[in-house]
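Build me a model from this:
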Amino acid sequence: MSDRSLAEVLSLPVRLNGIVLGRPVDALVDRDDDRVIGFEVLCGDGSRRFLPLAVARIERGEIAVDSALPLIDEDGAEFYRRRTRRLRELGLREPLLRRDGLIHDDSGPAVPANR
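Presented below is the predicted three-dimensional model:
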């Protein structure tokens, strides 16, 4: 994966073997190094779950997973929400996602809102 627009990534369905499990509604970003930790996903059953970036493959037309098990339920997702920032809190106009998970825009690395 080369640098991808996070707006584009957030528009992709999360799929398991072609079956849509849900859609990302936000990216959760590490508080210290502007790295995407994972995605908050609105699933087909109406629940919100956390999908760690480490177990997802961002491909053409989808965010692919090999199992539904890494989708962490609401209770577990709250753990990540408390320890991260939401993408919109960074205040970037057009954030890009690097292969290593770091976020940047055309002007360089993201500057966190809380620094």
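
shaky segments in this structure?
1, 106-115 (pLDDT under 70).

rerun at 50
Along the chain, the model assigns pLDDT under 50 to residues 108, 110, 112-115.

what packs against the top strand by length along it?
Criterion DSSP state E: the longest strand present in the chain is strand 19-30. If contacts are counted by 3 or more C-beta pairs under 8 Å, 6 or more residues apart in numbering; DSSP states H and E, strand 19-30 sits against helix 6-9, strand 14-16, strand 36-43, strand 48-52, strand 84-86. No exception for glycine: its C-beta is placed from N, CA and C like everyone else's.

Provide the strand pairings for the helix or strand that the last one is followed by, with the direction of each partner.
Scanning forward in sequence from strand 84-86 by DSSP states H and E, the next helix or strand is strand 96-97. Using DSSP bridges, the neighbouring strands of strand 96-97 in the sheet come out as strand 4-5 (antiparallel), strand 103-105 (antiparallel).

Let me know which of these is tucked in deepest.
Ranked by mean neighbour count, these are led by strand 103-105 with a mean of 18 (mean count of other C-beta atoms under 10 Å).

So what touches that one?
With contact meaning C-beta atoms under 8 Å, 6 or more residues apart in numbering, strand 103-105 is reached by 3, 6, 27, 29, 34-36, 87, 90, 92-98, 109-110.

again with stretch 51-69
Contacts for stretch 51-69 (C-beta under 8 Å, 6+ apart): 1, 4, 9, 12-16, 21, 24, 36-41, 70-72, 97, 101.

and the lengthiest helix in the chain, what does it pack onto?
In the chain, with assignment by DSSP state H, the single longest helix is helix 74-82. Packing partners of helix 74-82 (3+ C-beta pairs under 8 Å, 6+ apart): strand 36-43, strand 48-52.

In CSV: those strands, plus distance to residue 65 and mean neighbour count.
Below are the helices and strands packed on helix 74-82 laid out as CSV (distance: least, C-beta to C-beta, whole Å; neighbours: other C-beta atoms under 10 Å):
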stretch, distance to residue 65, mean neighbour count
strand 36-43, 10, 22
strand 48-52, 7, 21
